[in-house]
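Colleague: Predicted model and sequence below, questions to follow.
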Amino acid sequence: QVQLVESGGGLVQAGGSLRLSCTAFGRTVSTYTMAWFRQAPGKERDFVAGINWNGFSRYNSDSVKGRFTISRDNARNTMYLQMNSLKSEDTAVYYCATDDSGVVRIRGYDYWGQGTQVTVSS
């Protein structure tokens with residue numbers, strides 16, 4: 001089993017930055033695909049960004065391209081999401097996910113974190 005713990009969420013003004021972290025426990029995920037999702041109130045959970053095991057393949061949703069950067073540190077069993085130029089529409093609970101499928105995709109991951117709240121004030 002893999003347990004994922006997100007951190008780094010909070011309240012920030014529009015135009016500001018935050019860095020989210022997702023650390024895995026219970027198993028090393030250095031060969032796993034990892035991804036970030038978010039869910040705003042009353043909306044479905046949406047894919048934000050994904051990264052393959054070595055970081056060579058990264059994908060961002062159109063809504064965050066040029067503003068968010070996904071990365072990982074396999075030595076720390078941790079993935080990051082650097083969020084810049086934040087907008088009010090980025091307000092959501094952010095979740096990390098992972099599995100050993102080897103493919104970055106927009107749904108269907110086996111392991112999920114509990115989420116961290118990001119609130120952007122305008």
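Modeller: Great, that's in hand. Residues are numbered from 1 along each chain as shown.
Colleague: where's the spatially most central residue of the chain, which helix or strand?
Modeller: Among the residues of the chain, the one closest to the centroid is Trp36, at 2.5 Å (CA atoms, centre = their mean). Applying DSSP states H and E as the criterion places Trp36 in strand 33-39.
Colleague: What helices and strands are in contact with that strand?
Modeller: strand 18-25, strand 46-51, strand 78-83, strand 92-99 (3 or more CB pairs under 8 Å, 6 or more residues apart in numbering; DSSP states H and E). For the C-beta atoms, the positions are set from N, CA and C on the backbone; glycine is no exception.
Colleague: Turn the ones you listed into JSON lines, columns for mean neighbour count, mean pLDDT and distance to Ser57.
Modeller: Listed next are those as JSON lines, based on neighbours: other CB atoms under 10 Å; pLDDT from 0 to 100; distance: least, CB to CB, whole Å:
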{"stretch": "strand 18-25", "mean neighbour count": "19", "mean pLDDT": "98", "distance to Ser57": "18"}
{"stretch": "strand 46-51", "mean neighbour count": "22", "mean pLDDT": "97", "distance to Ser57": "7"}
{"stretch": "strand 78-83", "mean neighbour count": "22", "mean pLDDT": "98", "distance to Ser57": "14"}
{"stretch": "strand 92-99", "mean neighbour count": "22", "mean pLDDT": "97", "distance to Ser57": "15"}
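Colleague: Serialize those strands to TSV and add fields for distance to Leu11.
Modeller: Formatted as TSV, the helices and strands packed on strand 33-39 follow (distance: least, CB to CB, whole Å):
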stretch	distance to Leu11
strand 18-25	9
strand 46-51	19
strand 78-83	13
strand 92-99	13
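Colleague: mind checking which of those strands is nearest Ile106?
Modeller: strand 46-51 (3.9 Å; CB to CB).
Colleague: So in that sheet, which strands flank the closest one, and in what orientation?
Modeller: strand 33-39 (antiparallel), strand 58-60 (antiparallel) (DSSP bridges).
Colleague: Great, nothing more from me.
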